[in-house]
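K.L.:
here are the coordinates; sequence isn't available:
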């Protein structure tokens, strides 16, 4: 079974490409969806996150206040590392489980959509890594527009991840998403024909 890692930076358009692959009928394991599921009450990651950050990150409903947690980790590298240390092993375990399920069903190609693919060393699972790339200015503008935030906050969020230039140097394939979605989809279609 071929495993293709799909990654990018915040607001680079990775999720758009991931959804396009699903629409075309490809199997995609989404690490963000796994992380969200594992951070629900009664799940292992939830318990680990609350133990690490305290109950003050909870909403009145008992769910994790993702916005509050996000503010904590984007401005403090040690807290971001702590969150990654408690969640990444659980996410990794779930990805391996899902890959095994696809393997047992005879699926020949699976995409693994992981925002922090290189940072979390998930690239070691992959036969090939595709990076969805945008230039720095486009990334800032799209993030400001998407999250309705000002430039300093957008830059802080971007800085909390590995620079796209570094990811580009490590990726096997680069999908240039500076243009329209149709242009990016055309690149993906070409890549799919090639493999």
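P.N.:
Arrived safely, thanks for sending. Just so we're clear, the structure is a prediction, and the values are computed from it rather than from any experiment.
K.L.:
nearest the middle, which residue of this structure would you pick?
P.N.:
Taking CA atoms, centre = their mean, the centroid of the chain lies closest to residue 115, which sits 2.3 Å from it.
K.L.:
lowest-pLDDT helix or strand in this protein?
P.N.:
The helix or strand of the chain with the poorest confidence is helix 66-74; it has a mean of 86 (mean pLDDT, DSSP states H and E).
K.L.:
that one packs against which elements?
P.N.:
With contacts defined as 3 or more CB pairs under 8 Å, 6 or more residues apart in numbering; DSSP states H and E, the packing partners of helix 66-74 are helix 44-53, helix 77-104. Using the backbone N, CA and C atoms, a C-beta is placed for each residue, glycine as well.
K.L.:
at 10 Å what do you get?
P.N.:
helix 44-53, helix 77-104, helix 151-159 (3 or more CB pairs under 10 Å, 6 or more residues apart in numbering; DSSP states H and E).
K.L.:
of the ones you listed, flag the one that's most buried.
P.N.:
helix 44-53 (a mean of 17; mean count of other CB atoms under 10 Å).
K.L.:
now it, how far from the centre of its chain.
P.N.:
20 Å (CA atoms, centre = their mean, to the nearest Å).
K.L.:
on that earlier part again, as JSON lines, the helices and strands packed on helix 66-74 with distance to residue 24 would be great.
P.N.:
Converted to JSON lines, these look like this (distance: least, CB to CB, whole Å):
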{"stretch": "helix 44-53", "distance to residue 24": "30"}
{"stretch": "helix 77-104", "distance to residue 24": "16"}
{"stretch": "helix 151-159", "distance to residue 24": "29"}
